[in-house]
Structure formats: structure tokens, C-alpha cells
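Asks: No letters, just coordinates:
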């Protein structure tokens with residue numbers, strides 16, 4: 001199912017790509033250029049009215065990185081995840097500090113989900 005893209009949201013996603021957090025930059029170094037199992041990931045990818053941190057549309061996988069602000073917005077994150085799941089996506093969430101301090105463990109977990117039946 002394809003969703004329509006809002007031009008304002010697209011422009012905002014473009015700005016976010018230029019202002020990535022340290023954790024996003026670290027993860028992107030491992031995901032870009034089809035380095036992970038030949039899968040193409042996109043960053044700050046618009047789906048419906050939301051922007052996913054990283055998405056691999058071909059395998060319907062989204063990776064979200066959460067900082068401290070997400071502790072205060074759990075209801076929003078749940079609503080967002082539900083929408084994305086209804087669009088056929090699987091959503092993985094990692095804390096920023098895990099990406100920065102345990103990068104290999106995070107990558108191993110992501111790879112497990114990339115190898116699930118597509």
C-alpha cells in the first residue's frame with residue numbers, strides 16, 4: 001500500500017537529514033549503501049503523516065532511535081507504531097545510548113530482522 005507524501009513533511013525530512021544526531025550518524029554509517037545484507041535503507045523517510053528515522057521499504061522494516069524525550073511521548077510513539085504496522089511495517093526501536101555504546105549488538109539485532117522472510 002502506497003501512501004501520499006506531504007511536501008511540507010518532505011521538506012522537514014530533508015532538514016532532519018542534514019541535522020542528524022550522533023546516534024543517527026553512527027547507525028547510518030552501517031546502513032548506507034546497502035552495506036547490511038544488500039538492503040537499501042533510507043533515512044528520515046516519510047510514511048503517511050510520519051517520518052521514520054530509517055526505513056527499508058523493500059522489506060517493510062523501520063528503525064527508530066529514541067532519545068530521552070521519548071520517555072515523555074510513549075503514547076504518541078505507540079499510536080505512530082500502530083499506524084506504521086497497519087501499513088505493513090515492522091518497527092524496531094533502540095535507545096540512542098545503545099547505538100553509541102553497543103553498536104555491534106544493535107547491528108546484530110537489526111540483521112536478524114532483515115533475514116526474516118520478506
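Replies: On my side now, so go ahead. Just so it is clear, the model here is predicted, and its values are computed rather than measured.

Asks: Show me where this structure has its helices.
Replies: All helices of the chain, identified by DSSP state H, fall at 7-18, 22-31, 74-86, 96-101, 103-114.

Asks: Surely residue 44 is in contact with residue 63?
Replies: No - counting by CB atoms under 8 Å, residue 44 stays clear of residue 63, with 11.7 Å between them. Just so you know, the C-beta spots here come from the backbone N, C-alpha and C atoms, and that holds for glycine as well.

Asks: any shared contact partners between the two?
Replies: Shared contacts of residue 44 and residue 63 (CB atoms under 8 Å, 6 or more residues apart in numbering): 52, 53.

Asks: If you count surrounding residues, which of those two has more?
Replies: Between residue 44 and residue 63, counted using other CB atoms under 10 Å, residue 63 has the larger neighbour count: 24 against 21.

Asks: Now do that one, the pLDDT please.
Replies: pLDDT recorded at residue 63 is 97.

Asks: what sits against the nearest residue to it once chain neighbours are set aside?
Replies: Once flanking residues are discounted, residue 63 sits nearest to residue 54: 4.1 Å by CB to CB, 6 or more residues apart in numbering. The neighbours of residue 54, taking CB under 8 Å, 6+ apart as the test, are 27, 28, 31, 41, 42, 43, 45, 62, 63, 64, 65.
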